[in-house]
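*Asks:* Show me how the following folds:
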Amino acid sequence: MANIFKFLAILALFACFIYPGHAQCTLSNISVTQKPTGNLFSGKPEYEVTIKNVCPCQQSNVQFNINGFQTAEPVDPSILDKDGFVNDKLPLPYDGVTFKYASGTLFPFKPISSQVSCS
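*Replies:* As a prediction, this is how the structure comes out:
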């Protein structure tokens with residue numbers, strides 16, 4: 001029995017060396033790209049935002065600091081809610097989530113928390 005536990009412990013340690021990136025997912029693995037659409041909404045420039053997880057592990061409960069975020073164009077709260085949570089707190093899909101907003105200035109979307117889950 002002790003040999004089985006020893007074997008499993010060694011196997012787990014070996015797996016950490018083979019897949020070191022899985023334990024290293026951080027907020028820096030949340031990619032945010034923004035680009036102007038060229039359209040105006042209520043006289044303000046419109047921007048398209050795409051949020052992706054570039055980590056091999058899933059990240060859910062992704063939250064952004066949206067203090068000061070103002071938009072003339074409504075944003076679907078299932079994509080970005082009033083508390084800064086993205087995608088209804090579900091894991092970000094591989095191709096990310098996209099939304100548009102209209103503002104006089106580009107907003108600096110910065111992730112502040114997430115939950116990493118590796119399988």
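*Asks:* Kindly list the longest strand within the protein.
*Replies:* strand 30-41 (DSSP state E).
*Asks:* How about the backbone phi and psi for the closest residue to Leu40 other than its chain neighbours?
*Replies:* Counting by C-beta to C-beta, 6 or more residues apart in numbering, Leu40 lies nearest to Glu46, which is 6.5 Å off, once chain neighbours are set aside. Using the backbone N, CA and C atoms, a C-beta is placed for each residue, glycine as well. The phi/psi pair for Glu46 (degrees, to the nearest 10) reads phi -100, psi 140.
*Asks:* which stretches of the chain form helices?
*Replies:* 2-18 (DSSP state H).
*Asks:* Can you show me the strands along it?
*Replies:* Along the chain, the stretches classed as strands by DSSP E are 30-41, 44-53, 58-65, 97-102, 110-117.
*Asks:* what are the pairing partners of the longest one, and which direction each?
*Replies:* According to DSSP bridges, strand 30-41 forms sheet pairs with strand 44-53 (antiparallel).
*Asks:* center of the protein, which residue is that?
*Replies:* Ile30 (4.4 Å; C-alpha atoms, centre = their mean).
*Asks:* That one touches Ile51, doesn't it?
*Replies:* Yes. Ile30 is within contact range of Ile51, at 6.7 Å (criterion: C-beta atoms under 8 Å).
*Asks:* quick one: common contacting residues for those two?
*Replies:* Residues touching both Ile30 and Ile51 by C-beta atoms under 8 Å, 6 or more residues apart in numbering: Val62, Leu92.
*Asks:* residues contacting Lys82?
*Replies:* Lys82 touches Ile66, counting by C-beta under 8 Å, 6+ apart.
*Asks:* Now with 10 Å, please.
*Replies:* Contact criterion C-beta atoms under 10 Å, 6 or more residues apart in numbering gives Ile66, Phe69, Val75 as the residues in contact with Lys82.
*Asks:* what's the burial count for the closest residue to Lys100 other than its chain neighbours?
*Replies:* Of all residues not flanking Lys100 in the chain, Glu48 sits nearest, at 5.2 Å (C-beta to C-beta, 6+ apart). Residues near Glu48, counting by other C-beta atoms under 10 Å, number 15.
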